[in-house]
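*Asks:* here's my sequence, what's the structure:
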Amino acid sequence: MTATASDGARWITLEGVEGSGKSTQLRRLSERLRAAGIDVAVTREPGGTPIGARIRSLLLKSDGPPINSLTELLLYTADRAQHLTEVILPALEGGETVLCDRFLDATLAYQGYGRGLGSGCVLDLHRQPPLDRRPDRTLLFDIDAAVGLERARERNRAAGLDVTEGRFEDEAVEFHERVRAGYLELAAADAQRFRIIDASDTLDRVERSVLTALADWWPGLDEVER
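*Replies:* Down below sits the predicted model:
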């Protein structure tokens, strides 16, 4: 595959419940795109900026004080406003393809569906620039919520992240089932943007599904060595 300037900047978000493997696939995809000569900016939410990193610590620490659901939503939105202004929009304007680990759909799924705040409450905060911007494509890594949750808890234990980033993994499986159901409803309502990836398969097969989901933009990307 030969990448040219005509490929254009793309904005791809990767979404899914805890333990869906999206972060691993983001790394694999970024390596393959760079090997194809495509400029890539890799980022995440929350925490894609210095201010966002401080917000991330507030949101994800499992030993911190309880956070009101509306406060949680506002913190995610504040992180996103800074992230768009400081990282995502400048990268797109500079011609880079942006790969983002979570974006607005995560807030809709986790706070809108999981916390029960509703989609309207979330979307009302995202009607003004720059928060009204949306990605070009979203890859939803779908997996049974209980399976993904156990994967995530094991990952945190192995990496020592139980306290620093384990607050959502401490939630009951019923919360994560609501999140998954929310994601699937969002995907059904916007089938043009979403591509659903079966995240229960092996890493290599999941990667092939990712490349297939992007083949209309980058045919032959599967032939590029990572």
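*Asks:* C-alpha only now, for contacts and for neighbours.
*Replies:* Noted.
*Asks:* packing partners for the lowest-mean-pLDDT helix or strand in the chain?
*Replies:* Least confident helix or strand of the chain, by mean pLDDT, DSSP states H and E, is helix 145-159 with a mean of 92. Packing partners of helix 145-159 (3 or more Cα pairs under 8 Å, 6 or more residues apart in numbering; DSSP states H and E): helix 173-189.
*Asks:* and the contacts of the helix it packs on?
*Replies:* Here helix 173-189 makes contact (Cα atoms under 8 Å, 6 or more residues apart in numbering) with 16-18, 105-106, 108-110, 113-115, 140, 142, 144-146, 149, 193-196.
*Asks:* for that helix, what is the average pLDDT?
*Replies:* Regarding helix 173-189, the rounded mean pLDDT is 98.
*Asks:* tell me the buried residues in stretch 92-111?
*Replies:* 92, 95-111 (16 or more other Cα atoms under 10 Å).
*Asks:* for stretch 13-27, same thing?
*Replies:* In terms of neighbour count (16+ other Cα under 10 Å), stretch 13-27 has its buried residues at 13-23, 25-26.
*Asks:* for stretch 127-135, same thing?
*Replies:* By 16+ other Cα under 10 Å, the buried positions in stretch 127-135 come out as Leu131, Arg134, Pro135.
*Asks:* SS state for the first one?
*Replies:* Here Leu131 takes the coil state, with states given by DSSP: H, G, I helix; E, B strand; the rest coil.
*Asks:* contacts only, for it.
*Replies:* Applying Cα under 8 Å, 6+ apart, we find Leu131 in contact with Arg80, Ala81, Leu84, Leu125.
*Asks:* repeat the analysis, applying 10 Å as the threshold.
*Replies:* Counting by Cα atoms under 10 Å, 6 or more residues apart in numbering, Leu131 makes contact with Thr77, Ala78, Arg80, Ala81, Gln82, His83, Leu84, Thr85, Leu104, Leu123, Leu125.
*Asks:* buried ones among those?
*Replies:* Thr77, Ala78, Arg80, Ala81, Gln82, His83, Leu84, Leu104, Leu123.
*Asks:* I'm done for today, thanks for sticking with me.
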